[in-house]
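**Q** Fold the following.
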Amino acid sequence: MIGVQWPRRMKRNLHPGARTEREGPMEWVVGTGMLAGLLLIASGTASMRTGWVPPWARRRVTRPSLYGLGAVLVGVPCVVQGLFYFRILASPSWEVRFVAQNALMFSGLILIGVGQMRRRS
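**A** Purely as a prediction, here's the structure:
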């Protein structure tokens, strides 16, 4: 491919960490995920400390503290993933991130499910 030149807006970046113009929408997606994670953490903390549960889950939740802990465990990977993306924290290998975030997410989902189970009478 002799003589082919890259257009200006798709110019190759030679150093790692450089951002191109095409990565703009992804920052909105990651930022929205971080916001959702922060809302889950706030909701879970309120649920653990005061027993408050969001209105859409009040009918089903029987153990607010377990539900709140599960919400916190689901929200933390969302926030940490954004911190890695924006390079606020040093990022470990993708295998470590994958296993750790999935472990937190699935354990949080299990706790949310257990918090909604009926108690034995």
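**Q** For Leu109, give its distance to Tyr85.
**A** According to C-beta to C-beta, to the nearest Å, Leu109 and Tyr85 sit 22 Å apart. Yep, even glycine has a C-beta here, placed from its N, CA and C like the rest.
**Q** Please apply the same query to Asn102.
**A** Going from Asn102 to Tyr85 by C-beta to C-beta gives 17 Å.
**Q** higher neighbour count, those two?
**A** Higher neighbour count among Asn102 and Tyr85: Tyr85, with 17 against 11, using other C-beta atoms under 10 Å.
**Q** ok, the closest residue to that one other than its chain neighbours - contacts?
**A** Counting by C-beta to C-beta, 6 or more residues apart in numbering, the nearest residue to Tyr85 once its immediate chain neighbours are dropped is Val30, at 4.8 Å. The neighbourhood of Val30, defined by C-beta atoms under 8 Å, 6 or more residues apart in numbering, consists of Gln81, Gly82, Tyr85, Phe86.
**Q** just Gln81 next, same as before
**A** Under the criterion of C-beta under 8 Å, 6+ apart, the contact partners of Gln81 comprise Val30, Gly33, Met34, Arg97, Gln101.
**Q** 7 Å - rerun?
**A** Contacts for Gln81 (C-beta atoms under 7 Å, 6 or more residues apart in numbering) come out as Gly33, Gln101.
**Q** mean confidence score for stretch 98-115?
**A** For stretch 98-115, the mean per-residue pLDDT is 96.
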